[in-house]
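Undergrad: Using only what follows, build the 3D model:
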Amino acid sequence: MNEELPRIVVTPPGPKALELLKEDEKYVSPSYARFYPLFVDRVEGTKVIDVDGNEYIDFNSGLLCLNIGRHPEVVKAIERQANKLLHYSITDFYYKEVIELSKTVSEILPFKDVKFHFGNSGTEANEAALKLVRYYTGRPYILSFIGSFHGRTYGSMSLTASKPVHRKRFGPLLPGIVHVPYAYCYRCPLGMSYPDCGVACVDFIKEWVLEKYVPPDEVAAFFFEPVQGEGGFVWPPADYFKKLKKLADEYGILMVDDEVQAGIGRTGEWLAINHFDIKPDIITLAKAIASGLPLGLTAARAKIMNWEKGAHATTFGGNPVACAAAITTINVIKKENLLERVKRVGERLLKRFEEMKEEYEIIGDVRGKGFMIGIELVKNKKTKEYATREANELIVRCWKRGLLLITAGRSVIRIAPPLNLEEKHIDKGISIFEEEIKKLVHEIY
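TA: Okay, the predicted model is just below:
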């Protein structure tokens, strides 16, 4: 395609969007925290078009769900399946599509002796994993990480620790969940520096949690994101998970890997945990697995997923239309060799943002791999004071220019374009981003 993007025909929000905004405020729960009033009308390939006809470059992939955009092959697969079967419930009967998807997903997992539970979302996949580890081990405690996000239903919300608003006024939460520091090296919770610290945050878990007040033989699992998503696209150092896995193995603690945001090729690997050379016991998937259709998978080693009939189920999980979309999504990524593309282009992206970091005082840290890069904005590089207002202002300015960005953490810009976004559109998006950063810096300093 030789299409030029973005194309802004009326400064957003346009008149149609403004009219719809009034209706939304009247009818829709205010609990949805929108970044800006973008009313999406349709997606064509990787191009996002709003109700006023503005056409955007997408750097957030529909909250990391549209890893291959609206791909024509996925649409065809959905249409074929919808013409055959929409629903009949995996809880009580059988779908062959579930078996086909299980085989397809098992090919991209780090362990092959696997069984799957099918739900509708990331939070459901994590709820299933939470129940499963307690069922299998008979142990009551779970260790989760400060900065993590695992969902908003009660079990997954209890695991989550990225923003107080996610938990405010909902207590008491699920008992037995203990939060420990994560390897957020830019803002080390222990006030240390890597690599001189020797990954002290793992030592902290052993010495100050497991040896002080949480009996290690009563801990069922470590529940983690290999890259913290909502927490700020936080990447731990390369040796972090090997040390954590060694600690887990010492006490027979399971490793539950939440790949809801980072999985399905986003980092240049099928799973982000592959960058760290360990094999977890349970993996949860959602978001991009079915190109945005509701589907959540809990994949566990077969010996672990041994619960009895009726122990856990869901009416709509494993929906055959969503399964068809997921099978095709994985096959498209393979056929178009998108993992290699993401690695190659991602290196160039990271280099460009690191150059910006050296040039602009407002960029405190750049971290990531592939198409999962976090740019942390600060008011001062020495004090690392969060630039929350500036981050929110920046994404709005970029939106008005035709670039769709969202934030994470307190002041992190997420760079997460579709894996198949054209390079010229990536380059244009970077140009818009830098132009608006430059203006912001000029105004502040």
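Undergrad: check contacts around the closest residue in space to Ser102 that isn't next to it in sequence.
TA: Excluding its sequence neighbours, the residue lying closest to Ser102 (CB to CB, 6 or more residues apart in numbering) is Phe116, at 5.1 Å. All C-beta spots, glycine's among them, are computed from the backbone N, C-alpha and C. Applying CB atoms under 8 Å, 6 or more residues apart in numbering, we find Phe116 in contact with 98, 101-102, 105, 297-300, 305.
Undergrad: Make sure Phe116 is indeed in a strand.
TA: Yes - under DSSP: H, G, I helix; E, B strand; the rest coil, Phe116 falls within a strand.
Undergrad: And the pLDDT for the spatially most central residue of the chain?
TA: By CA atoms, centre = their mean, the chain has its centre lying nearest to Gln261, at 1.7 Å. Note on Gln261: pLDDT of 98.
Undergrad: I'd say it and Gly232 touch.
TA: No - at 11.8 Å, Gln261 does not count as touching Gly232 under the criterion of CB atoms under 8 Å.
Undergrad: Helices of the stretch 201-350 of the chain, residue ranges please.
TA: In the stretch 201-350 of the chain, the helices defined using DSSP state H, counting those that start in this stretch lie at 240-251, 320-335, 338-359.
Undergrad: where does the stretch 151-300 of the chain dip in pLDDT?
TA: Counting by pLDDT under 70, not a single residue of the stretch 151-300 of the chain qualifies.
Undergrad: In its sheet, which strands sit next to the host helix or strand of Ile375, and in what direction?
TA: In the assignment (DSSP states H and E), Ile375 maps to strand 372-377. Strand 372-377 has these partner strands in its sheet, going by DSSP bridges: strand 363-369 (antiparallel), strand 412-415 (antiparallel).
Undergrad: quick one, the first one and helix 338-359 angle?
TA: Put simply, strand 363-369 runs at 170 degrees to helix 338-359, going by axes from the mean of the first three to the mean of the last three CA atoms, to 10 degrees.
Undergrad: Show me what the mean pLDDT comes to for strand 363-369.
TA: Strand 363-369 comes out with an average pLDDT of 98.
Undergrad: who's in contact with the closest residue to Glu269 other than its chain neighbours?
TA: Leaving out its chain neighbours, the residue that sits closest to Glu269 by CB to CB, 6+ apart is His275, at 6.1 Å. The contact partners of His275, taken as CB under 8 Å, 6+ apart, are 226, 238, 267, 269, 369.
Undergrad: Hmm, Pro226 and the second one touching each other?
TA: No - contact between Ala238 and Pro226 fails when scored by CB under 8 Å: they sit 11.6 Å apart.
Undergrad: Compare neighbour counts for the two and give me the winner.
TA: Set Ala238 next to Pro226 and count neighbours by other CB atoms under 10 Å: Pro226 wins out with 25 against 13.
Undergrad: shouldn't that one be in contact with Gly263?
TA: No - Pro226 is beyond contact range of Gly263, at 9.1 Å (criterion: CB under 8 Å).
Undergrad: anything in contact with each of those two?
TA: 271-272.
Undergrad: Start from the N-terminal end of the stretch 201-350 of the chain and give the strands.
TA: Along the stretch 201-350 of the chain, the segments classed as strands by DSSP state E, counting those that start in this stretch run 219-224, 254-258, 282-285, 296-301.
Undergrad: Deepest in the core, which of the ones you listed is it.
TA: strand 282-285 (a mean of 30; mean count of other CB atoms under 10 Å).
Undergrad: elements contacting it?
TA: For strand 282-285, the packing partners by 3 or more CB pairs under 8 Å, 6 or more residues apart in numbering; DSSP states H and E come out as helix 122-137, strand 254-258, strand 296-301.
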